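Undergrad: Sequence and computational prediction follow.
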Amino acid sequence: MASKVVIVESPTKARTLKKLLGRDFNVLASVGHIIDLPKNKLGVDIEKGFEPQYTHIHGKEKVIQELQDAAREADQVLLATDPDREGEAISWHLCNLLELDGKLPLRVLINEFTSGVVKDAVSNPVPLDMDKVNSQQARRILDRLVGYQISPLLWDRLQKGLSAGRVQSVALKLICDRQKEIDAFKPEEYWSLDALLEKAGHPEQHLTASLKKRDGQEYEVKDQATMDAVVAEVSQQSFRVLSVDKSQKNQKPAPPFITSTLQQAASQLYNFPAKRTMRIAQELYEGIDLGDRGTQGLITYMRTDSTRVSEKAQEEVRQVITSRFGDKFLPDAPPVYKSGKGKVQDAHEAIRPADPTFTPDAAKAFLSAEQAKLYGLIWVRFAASQMRPAVYHQTRIDIEAGRYMFRATGRTEHFAGFLEVQRAFGVGAKKAANEDLPPLHAGDSLVLKEQKPEQHFTEPPASFTEASLVKTLEENGIGRPSTYATIISTLLDRKYVERDQKSLRPTELGKLVDELLEHNFTRIVDVGFTAGMEEQLDEVESGKFRWQDVLGRFYGDFKGMLETAQTKMRNVRKEVQATDIDCDKCGKKMVIRRGRYGRFLACPGFPKCKNTKQLDEEGQKPKPAEEPLLDEKCDTCGNPMRMRRGRFGMFKACSRYPECKFTRPVTLGIRCPTSGCDGELVARTSKRGKTFYGCTNYPACKFTSWTKPAGENCPKCSTFMVERRTKKGLEAVVCSSKECGFKRKVELEPAPAEVEEAASGELEMPEELD
């Protein structure tokens, strides 16, 4: 038997290490934590300085016995768990379990699973970092104190199975607060004005300029009457070039990925949830079978907040850039990026390819589709971060028209820089069209050819997506790289939040939980307080604070809040809401109660009358009986379809739902304007809650319009017509082509809300507009 034992958390990582280290090492997996706080009680002795009452995790008996037997016979035991706080804590528990001396050099820190790095790490073990252990222990106990003492209150006052968490509840508050802003938002009208101009005597030199100022001040038009007056006044003015400013702008590459930015980019580009991104990254880190190259990890450790990279990796990727793109794309010296605010675990590198010479093209054959996407994203981001900035030439032309000032801007790409590698591998940047302006000079006279006023309305703040929530958590110092994915998945699993396309929206349950916590544990869900606690926990790792002192300061205030909440927290479970709905069994007026699965209608005559009913989507009326079957067949199983009502209105669904989840939108009855397309138009909703119109043949047909098509073509240019509406209703039908401008006024026709509602469907919107 091998005289040296190496213990890691993951069986996958164990298999990779076995292949890299050879027969001299017996590599075993603890399969995650083996020791933790008990599940059936608090497990923390508050009176004894927050002493944790650790216990062996149920079901790990066989693993524990295997590790103890191997350690007993080994000459040396090395602990190669993940190089972060959580990994350090697992190694500490293993030391206690196996009776090892943590002060001896037995801790192996592996940032990437490649042969050279692994053998070097195993040859240079270090003692356990007890400050890091204590930082993790403090977090674990703090989370237990909050979760295990607030959650029972929620069970008692709201419903069983709920949970509160030190960080999770702050994330929920952010989502709920954003939804309140969206709900309270009132759109405001404003107008823009573009002028189509050409140089006097030179019609080939034309440009479009936008109204910016009046009488030297920034100017914004709020209504159509004012805009009509501006258009009339501008039409009488002479246009002259005031100034032409030319400048060069550099666009720098982004730094290599850290955990949060990787999750954001994968969400934005591939719609990967944070949890999925971390699972794929773990697979790439722990090792992939590369055929003749053997089994290796393809990326460095994926839980990091540091943008530092090794000099060796920089030199390797610079050689790749030179050979593939040329020396002109390399900066004189490798860039150095500053990590974000807060305490950074700079012992880690950024997330980068373990072997920068192993390009996405070479790796693709060994990876699944999702692995290839994420590896390509990481490789390209790292390579781009080591390249020169992109360079643009910008031109700004200010134009005088009486007391009005218009501005035209143009930008042309002079040097692609880091964008070259993104385009070469199809990740991120695409070649943008150059926005050229004619060669004008101050004093040149211009001729007004056309004015294009356009009505707009301000839009509410966007709902959080996973990407924007992770970014906000990071910016506010809430949570740490290892926790972002778990925070989001917990909110979704608890039904506090639901996905609406890419948006995260609070459910009714989530709003209630947030309200109860906000009123009774104000400091616990305060963003600033939570960020301050994170900083104190980081200082435990630096050795500045004792973990018991940090917990003591927190618990003094928390205990008082807890005692007050136990007597004053609103009891939602006992609340009864009266209705005017008759019980169809005994005639009494039914009431709305809350049960284990949410709100429902119940007869107040209980227990004599046990009549109950489900509530509809609005939560105020009985759920209607199912709609009659339609004379349409399901494309998936052939059964009849029926109408159903969802969050976005009526849609058609298979009558075998939920066994068969096929759906079909309710169309507007308007053929798609795209030539050769046989689809029909449907109304859909963007992530900002704005209605747009798309084709039923999406994604084969990508027709979209923010304005409702009118179902007819322009008699002047044959382009499709759209409706122009004001707050009073339908006012005109206009050509969708800005160059045409044809308009036909119609008799004012208020739009019935049910028409728009019936046209909506629960379909995913085109990614181009998301």
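TA: Sure thing, it's come through.
Undergrad: quick one, what contacts the nearest residue to residue 255 once chain neighbours are set aside?
TA: Excluding its sequence neighbours, the residue lying closest to residue 255 (C-beta to C-beta, 6 or more residues apart in numbering) is residue 337, at 3.7 Å. Every residue, glycine included, has its C-beta placed from N, CA and C. For residue 337, the contacting residues are 255-256, 307-308, 350, 385, by C-beta atoms under 8 Å, 6 or more residues apart in numbering.
Undergrad: residue boundaries of the helices in the stretch 451-600 of the chain?
TA: Under the criterion DSSP state H, counting those that start in this stretch, the stretch 451-600 of the chain contains helices at 466-475, 484-493, 508-520, 527-542, 547-568.
Undergrad: Can you say which of those is nearest to residue 151?
TA: helix 508-520 (10.3 Å; C-beta to C-beta).
Undergrad: Which positions in the closest one come out as buried?
TA: 509-514, 516-518, 520 (16 or more other C-beta atoms under 10 Å).
Undergrad: how close does the closest residue in space to residue 446 that isn't next to it in sequence sit to residue 454?
TA: Counting by C-beta to C-beta, 6+ apart, the nearest residue to residue 446 once its immediate chain neighbours are dropped is residue 239, at 3.9 Å. Relative to residue 454, residue 239 is positioned 20 Å away (C-beta to C-beta, to the nearest Å).
Undergrad: neighbour-wise, which of the two wins?
TA: residue 239 (22 against 11; other C-beta atoms under 10 Å).
Undergrad: Next one: the residue with the largest distance to the centre of the chain relative to residue 308, how far apart?
TA: Most distant residue from the mean C-alpha position of the chain: residue 201, 52.5 Å away (C-alpha atoms, centre = their mean). According to C-beta to C-beta, residue 201 stands 60 Å off from residue 308.
Undergrad: and if you look at residue 744?
TA: For residue 744, the distance to residue 308 - C-beta to C-beta - is 64 Å.
Undergrad: Next: residue 557.
TA: 37 Å.
Undergrad: ok, now residue 695?
TA: Residue 695 is 48 Å from residue 308, by C-beta to C-beta.
Undergrad: Comparing those two, which residue is more hemmed in?
TA: residue 695 (24 against 17).
Undergrad: OK, contacts around that one?
TA: 672, 674, 677, 679-682, 701-703.
Undergrad: Most neighbours of all those residues, which one?
TA: residue 681 (25 neighbours).
Undergrad: name the element it belongs to?
TA: Assigned by DSSP states H and E, residue 681 belongs to strand 681-685.
Undergrad: Just the CA trace of the next helix or strand after that strand, in CSV.
TA: Where DSSP H and E defines the elements, the next helix or strand beyond strand 681-685 is strand 691-695. Provided in CSV are the C-alpha atoms of strand 691-695 (Å, rounded to 0.1, in the frame of the first residue of the first chain):
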residue,chain,number,x,y,z
THR,A,691,-44.7,45.0,-24.6
PHE,A,692,-43.1,44.2,-28.0
TYR,A,693,-44.3,42.2,-31.0
GLY,A,694,-42.7,39.1,-32.5
CYS,A,695,-43.3,36.3,-34.9
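Undergrad: Number the residues from 52 up from this point.
TA: Yep, numbering from 52; the last one is strand 742-746 now.
Undergrad: Show me the strands paired with strand 742-746, marking each as parallel or antiparallel.
TA: strand 732-736 (antiparallel), strand 755-756 (antiparallel) (DSSP bridges).
Undergrad: Relative to the whole chain's centre, how far out is that strand?
TA: Computed by C-alpha atoms, centre = their mean, to the nearest Å, the separation of strand 742-746 from the middle of its chain amounts to 23 Å.
Undergrad: cool, stretch 456-473 as well?
TA: 28 Å.
Undergrad: Okay, buried residues for it please.
TA: 456-457, 459-462, 464, 466-473.
Undergrad: do the same with stretch 147-161
TA: Buried residues in stretch 147-161 (16+ other C-beta under 10 Å): 148-149, 151, 153, 157-161.
Undergrad: Kindly report the same for stretch 292-305.
TA: Those would be 292, 295, 304, for stretch 292-305 by 16+ other C-beta under 10 Å.
Undergrad: And stretch 204-211, by the same measure?
TA: 204-205, 208-210.
Undergrad: if we look at that stretch, which residues are touching it?
TA: 212-215, 560, 563-564, 567, 571, 616-617, 620-624, 645-649.
Undergrad: who's in contact with residue 608?
TA: Counted by C-beta under 8 Å, 6+ apart, residue 608 has contacts residue 574.
Undergrad: Please repeat the previous calculation with a cut-off of 10 Å.
TA: Residues counted as contacts of residue 608 (C-beta atoms under 10 Å, 6 or more residues apart in numbering) are 574-575, 580.
Undergrad: the inter-axis angle of the host helix or strand of residue 189 versus helix 598-619?
TA: Secondary structure from DSSP H and E places residue 189 in helix 181-208. Taking axes from the mean of the first three to the mean of the last three C-alpha atoms, to 10 degrees, one finds that helix 181-208 is oriented at 10 degrees with respect to helix 598-619.
Undergrad: relative to helix 578-593, how tilted is helix 181-208?
TA: Using the same axes, to 10 degrees: helix 181-208 against helix 578-593 is 150 degrees.
Undergrad: Pull out the buried positions in helix 181-208.
TA: Quick answer for helix 181-208 (16+ other C-beta under 10 Å): 182-201, 204-205, 208.
Undergrad: Check which residues of the next helix or strand after that helix are buried.
TA: The first helix or strand that comes after helix 181-208 along the chain, using DSSP H and E, is helix 219-235. Residues of helix 219-235 classed as buried: 219-227, 229-230, 233 (neighbour count, 16+ other C-beta under 10 Å).
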